[in-house]
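# Here's a sequence, model it:
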Amino acid sequence: MKVGIAVIEGYSFTDHPVELGTAGLAEAAARAEQLGFDVLISPETAGHDPFFPLVLAAEHTSRIELATGVAVSFPRAPMVVAQSAWDLQRFSGGRFTLGLGTQVKGHNERRYGVPWTGAPGPRMREYLDCLRAIFYTFQHPDDPRYFEGEHYRFTLAAEVFMAAPLEHPRIPLQIAAVNRYMLGLAGEVCDSVFVHPCCTPRYLREVVLPTVAEGAQRVGRSAGEVAVVGAPIVVTADNEEDMARERVLLKRRVAFYGSTRSYHRVFEVEGVLDLAEQLHEMSREKRWREMEELVPDDVADLFGCISPPDAGADDLAEQLRASWGGLLDVLNLPSDFPLAGARAEQRAADLLAALHAAG
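Residues are numbered from 1 along each chain as shown. Okay, here's the model as predicted:
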């Protein structure tokens, strides 16, 4: 099992906060590699572009894999994303994975200011096909491969605007997926699938893995060709008081997930669809605190990996292995996982060693 972690502004592997675009980010990336992490992901969060931090990370690391986790696709033209991905693949010497997600209609229209045209699944399929055509043309300028679809087209490959061929031209594609169409699409055309934190081991076993496998089989691939990447919610702290706050935050996250209809299939598989529907209705009335209090402890625990304050790294590793071993190929630790300071760094190193030993 590979282990990854996100690097974001205001959080660091050191004793001072990271400021994106400064030496702090470079230091954090280098420290993640030194500690033994396999993957460094850059999310589109806190108002920051997911590609730019990886430029610094590529310069100050040599082994760790780099990935957007994830970049929102529809506000960006395929050519714009292809150019950024091609550059990062070149800067990193072939260590880059392009992780993409659709986001929901409201965010596309109201936050990014772009139209929501057609169903997101078929549109993402076109997006990926267009990217593949552009990547092929970058690498084979004398044999351009064009693409024309309902939403996207690439039919002009003027030499002056085309990127130069690479030593490592194959950029792995990854999409974020929760529901069946996207999961099947990942199985058909992607190298990996990023499952949402709103996911339980049962949902992974009963829905995610079989659906990815069905997609792979449709095109003659093996399910093993598609890596499964996840970011389980880890609930732990140094003392009981902080642990109580973490458990409240877990309930808050579960309440938020339940308020979003796109995630209701997960709640349905766990037998608590009624709760999700109730949370959705309450969210429309902005009853956020009541929603948090409505989530039972046992339901919240379905979505989190709970490690008590007095437990060590081996205990947390065992819980993660018990829940996610054999299901995830890459396990991303939460971006707020405590790493600053000697004690926390040692705990992280112990946890990484234990997870790597799991195979």
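# what about the residue nearest to Asn179 when sequence neighbours are not counted, which helix or strand?
Spatially, and ignoring its direct neighbours in sequence, Asn179 is nearest to Arg265 (5.9 Å; Cβ to Cβ, 6 or more residues apart in numbering). For glycine as for every other residue, the C-beta is placed from the backbone atoms N, C-alpha and C. Assigned by DSSP states H and E, Arg265 falls within helix 264-269.
# and after that helix, which helix or strand comes next?
Helix 264-269 is succeeded, C-terminally, by helix 273-284 (DSSP H and E).
# could you point out which element follows that next one?
Sequence order places helix 288-294 as the next helix or strand after helix 273-284, per DSSP H and E.
# Flag the shaky bits of the protein, pLDDT-wise.
Low-confidence segments of the chain (pLDDT under 70): 8-23, 46, 335-343, 358-359.
# Tell me how it divides into domains.
2-238+306-357, 239-305 (automatic domain parsing).
# residues contacting Val269?
200, 202-203, 206-207 (Cβ atoms under 8 Å, 6 or more residues apart in numbering).
# could those residues go into TSV alongside distance to His168?
Conversion of the contacts of Val269 to TSV gives the following (distance: Cβ to Cβ, whole Å):
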residue	distance to His168
Thr200	36
Arg202	38
Tyr203	34
Glu206	37
Val207	34
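# For the stretch 151-300 of the chain, just list every one of the helices.
Taking DSSP state H, counting those that start in this stretch as the criterion, the stretch 151-300 of the chain carries its helices at 180-189, 201-203, 209-218, 240-258, 264-269, 273-284, 288-294, 297-303.
# want to throw those into TSV with distance to Gln103?
As requested, the helices of the stretch 151-300 of the chain are exported to TSV (distance: least, Cβ to Cβ, whole Å):
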stretch	distance to Gln103
helix 180-189	12
helix 201-203	21
helix 209-218	21
helix 240-258	15
helix 264-269	18
helix 273-284	18
helix 288-294	21
helix 297-303	21
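# what's the closest non-adjacent residue to the most centrally placed residue in the chain?
By Cα atoms, centre = their mean, the chain has its centre lying nearest to Gly69, at 4.0 Å. Leaving aside its sequence neighbours, Gly69 sits nearest to Ile41 (Cβ to Cβ, 6+ apart; 3.2 Å).
# what pairs with the one you found across the strands?
Note on Ile41: beta-bridge partners by DSSP bridges are Ala6, Ala67.
# Share the number of residues neighbouring it, please.
28 (other Cβ atoms under 10 Å).
# Could I get the contacting residues of it?
Ile41 neighbours (Cβ under 8 Å, 6+ apart): 4-7, 66-69, 99, 332.
# now, among these, which is nearest to Glu270?
Distances from Glu270 to the contacts of Ile41, taken as Cβ to Cβ, are shortest for Asn332 (21.9 Å).
# residue contacts, that closest one?
By Cβ under 8 Å, 6+ apart, Asn332 lies in contact with 3-6, 39, 41, 69, 229-231.
# sec struct for it, please.
Following DSSP: H, G, I helix; E, B strand; the rest coil, we place Asn332 in the strand state.
# who does it bridge with?
Gly4.
# Now do it against Glu150, distance only.
33 Å (Cβ to Cβ, to the nearest Å).
# Can you get me a residue count around His280?
16.
# Give me the spatial nearest neighbour of it, chain neighbours excluded.
Per Cβ to Cβ, 6+ apart, closest to His280 is Ser259, 5.2 Å.
# and if you look at Phe303?
Sequence neighbours aside, Val254 is the residue nearest to Phe303 in space, at 5.2 Å (criterion: Cβ to Cβ, 6+ apart).
# State the distance from Leu249 to Leu302.
From Leu249 over to Leu302 (counting by Cβ to Cβ), the distance is 16 Å.
# before we move on, what about Arg284?
Going from Arg284 to Leu302 by Cβ to Cβ gives 24 Å.
# Looking at these two, which has the bigger crowd around it?
Taking neighbours as other Cβ under 10 Å, Arg284 and Leu302 compare with Leu302 leading, 17 against 8.
# Surely that one touches Cys199?
No: counting by Cβ atoms under 8 Å, Leu302 does not reach Cys199; the two are 10.0 Å apart.
# Pull the contacting residues for the closest residue in space to Val104 that isn't next to it in sequence.
Spatially, and ignoring its direct neighbours in sequence, Val104 is nearest to Ser262 (6.4 Å; Cβ to Cβ, 6+ apart). The contact partners of Ser262, taken as Cβ under 8 Å, 6+ apart, are 104, 178-179.
# need the contact list for the closest residue to Tyr181 other than its chain neighbours.
Nearest non-adjacent residue to Tyr181, counting by Cβ to Cβ, 6+ apart: Gly121, 3.7 Å away. Going by Cβ under 8 Å, 6+ apart, Gly121 touches 181-182, 185.
# Between these, which sits nearest Asp129?
Nearest member of the contacts of Gly121 to Asp129, counting by Cβ to Cβ, is Leu185, at 10.7 Å.
# Please report how far the closest residue to the closest one other than its chain neighbours lies from Glu109.
The shortest distance from Leu185 to any non-neighbouring residue, by Cβ to Cβ, 6+ apart, is to Arg125 (5.7 Å). Distance, Arg125 to Glu109, using Cβ to Cβ: 21 Å.
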